[in-house]
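Novice: Return atomic coordinates for the entry below.
(chains A and B)
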Amino acid sequence: MANNNTISKTLIVAISLCLVCSALISFSAVELRDLQEANKTLDKQSKILSAAGLIEDGKDISSLFNSIEIKIVNLKTGLFDASINIEDFDESSFSRNPNTSIELTSDADIALLKRRENFQAIYLHYENESLNAIILPVRGYGLWGTMKGYLALESDLQTIIGLEFFDDKETPGLGGEINNPRWKSIWKGKEVYSDTGDVVISVIKGSVDKSSKKAKYQVDGLSGATITSNGVTNLLSFWLGEMGYGPLIEEMKSKESIDV
Amino acid sequence: MSKVKEALLNPIFNDNPIALQILGICSALAVTGTLYITLIMCVALTTVVTLSNFFVSLIRNHIPTNIRIIVQISIIATLVMLVDEVLQAYDYESSKTLSVFVGLIVTNCIVMGRAEAFAMKNGPIMSAIDGFGNGLGYSVILIVIAVIREFIGAGTFYGIEIMPLTTNGGWYLANNFFLTPASSFFIIGFTIWALRQWKTDQIEEPEFKISKNSLEAEKRTI
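Specialist: Numbering: from 1, shown residues only, chains lettered A, B, ... in the order given. Here you go, the predicted model:
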């Protein structure tokens, strides 16, 4: 057997191995990208539908998703903006670009986002031509990273239908329990704004006292995951507040009252 | 027993990587909550260990000794990344649950162990068979753990309801402990015990015994 331990042989083996391996990885990444992207879209659509409780067994996700209308909203004015193409909207690039986002001051930035995009894609579901559900993308910092999800509200823009996270880095078994179906189910029917219009929905420590007046604004905390629980509270307060969808919700509520 | 048969079947019960060599325990704890996820993990690991043994063995005569571990790891890591890419493309739901653990196959002692112990000394085909056998051995134990955990923890078998849960209006109060990875320690322990009752040659010599004299001395003082 030839001596493998010379410096030149070592270098040749190391370099050629790296080249072959990286070629293989790049090839597979490029080849499979389309399928992976399609899967991600499908996953996102299914999360949107399940936040609004629209998933039906045995029905195709993409055909169910056809009943959902996507609109771009200007977060500052709260008005729908048709000038931006839905295909062109990309949350992460919009929130990084200084022209399409604002820097958040530290006291406004309760969800620890640093920057907030000026536009956001929201999802509306109509049933018999009247608004049935509005699904708002929300995100905020938990313990290890940003938790991204969808909050679905009923047409009164006050009652929660569901909260669903599609991306988080929380500890499995503790903070990761934000994906637990039992925990998600207790969000249904909770209310977000107090009579004075403040965002009061919160995840509390321990379990909710059902007899309390505040019970409809409170959700049981996740045991062992206080920081994650607070993160969820913060991201909801941010996105439902005036820096988030507050203007939109105000706008929609006032429009409704004019219609009546 | 022919050599091929030996390489293929020995790791299943006689020389099981988990039960006898006590390797690859961490993934056996982590991914055995439900049978479906476990099966995907078993397929992923068996694929990786078979192919990594094959490729390591293929170039074994050219690997410089001082960088051999790095070479092995590179090959294993490449295969793991490929498996992860394929999983993301064809079974996105499981890939989301498994992503961390599929990545951790790189550090799975079974894969490294077989590459270093077997593939560096044997031909490619034999090495691939050995890797496949070890993958099967790993799978057998994982499946046993997963079936027990899913059955007691959720009352289901492969997602099919066997014992209706009280939360769904049935009679079975699920034992949540079995959904936590810690329960696998007990199940692995009992599995090893059961295996060694059957194959008694696997029972290890105790490392030390209480010496007789000290006991005698104690008796005398009493």
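
Novice: Nearest residue to the middle of chain A?
Specialist: Nearest to the mean C-alpha position of chain A, by CA atoms, centre = their mean, lies A:Gly149 at 2.2 Å.

Novice: now do chain B
Specialist: Short answer for chain B (CA atoms, centre = their mean): B:Tyr138, at 3.6 Å.

Novice: Sketch out the low-pLDDT regions of the stretch 151-260 of chain A for me.
Specialist: A:172-173, A:256-260 (pLDDT under 70).

Novice: all helices for the chain, in order.
Specialist: I'll assume chain A. Along chain A, counting by DSSP state H, helices occupy A:7-51, A:61-65, A:91-96, A:181-185, A:226-240, A:246-259.

Novice: hm, I was asking about chain B
Specialist: Under DSSP H, chain B gives helices at B:3-9, B:25-30, B:35-58, B:68-90, B:92-103, B:109-114, B:124-154, B:182-198, B:212-221.

Novice: returning to what we had before: return the residues in contact with the residue nearest to the centre of chain B.
Specialist: Going by CB atoms under 8 Å, 6 or more residues apart in numbering or on different chains, B:Tyr138 touches B:17-18, B:24, B:28, B:42, B:45-46, B:49, B:110. In this view, the C-beta of every residue, glycine as well, is placed from N, C-alpha and C.

Novice: Excluding its own residues, what touches stretch A:141-151? List them.
Specialist: Contacts to stretch A:141-151, defined as CB under 8 Å, 6+ apart, come from residues A:47-48, A:51, A:111-113, A:123, A:135-140, A:160, A:162-171, A:175, A:178, A:225, A:227-228, A:231-232, A:234-236, A:239-240.

Novice: same question but for stretch B:64-77, I mixed them up
Specialist: So stretch B:64-77 is in contact with A:4-6, A:9-10, A:13-14, A:17-18, A:21, B:48, B:52, B:55-56, B:59, B:63, B:105-106, B:111-112, B:115-116, B:120, going by CB under 8 Å, 6+ apart.

Novice: let's see 6 Å
Specialist: Defining contact as CB atoms under 6 Å, 6 or more residues apart in numbering or on different chains, one finds that stretch B:64-77 is touched by A:4-5, A:9-10, A:13, A:17, A:21, B:52, B:55-56, B:63, B:106, B:111, B:115.

Novice: so which of those is the most crowded?
Specialist: Neighbour counts for these (other CB atoms under 10 Å in any protein chain shown) peak at B:Val111, which has 32 neighbours.

Novice: what angle do the longest strand along chain A and helix A:7-51 make?
Specialist: Identified as the longest strand of chain A according to DSSP state E is strand A:130-141. For strand A:130-141 against helix A:7-51, the angle by axes from the mean of the first three to the mean of the last three CA atoms, to 10 degrees is 140 degrees.

Novice: Could you spell out the sheet neighbours of strand A:130-141, each with its direction?
Specialist: Here strand A:130-141 is paired, per DSSP bridges, with strand A:119-127 (antiparallel), strand A:146-154 (antiparallel).

Novice: Return the most buried member of those.
Specialist: Among these, strand A:146-154 has the highest mean neighbour count (mean count of other CB atoms under 10 Å in any protein chain shown), at a mean of 22.

Novice: export it as PDB, just CAs?
Specialist: Provided in PDB are the C-alpha atoms of strand A:146-154 (Å, rounded to 0.1, in the frame of the first residue of the first chain):
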ATOM      1  CA  THR A 146     -38.500  34.600  16.800                       C
ATOM      2  CA  MET A 147     -41.900  32.800  17.000                       C
ATOM      3  CA  LYS A 148     -43.900  33.300  13.900                       C
ATOM      4  CA  GLY A 149     -47.600  32.500  13.700                       C
ATOM      5  CA  TYR A 150     -51.100  33.500  12.700                       C
ATOM      6  CA  LEU A 151     -53.800  35.000  14.800                       C
ATOM      7  CA  ALA A 152     -57.400  34.500  13.600                       C
ATOM      8  CA  LEU A 153     -60.100  36.800  14.800                       C
ATOM      9  CA  GLU A 154     -63.800  36.700  14.300                       C
END
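
Novice: Which among the contacts of stretch A:141-151 count as buried?
Specialist: A:47-48, A:51, A:111, A:113, A:123, A:135-140, A:160, A:162-166, A:168, A:170-171, A:175, A:178, A:225, A:228, A:231-232, A:234-236, A:239-240 (16 or more other CB atoms under 10 Å in any protein chain shown).

Novice: which of the contacts of B:Tyr138 has the most neighbours?
Specialist: B:Val49 (33 neighbours).

Novice: Enumerate every residue touching B:Gly113.
Specialist: Contact analysis of B:Gly113 by CB under 6 Å, 6+ apart lists B:Leu23.
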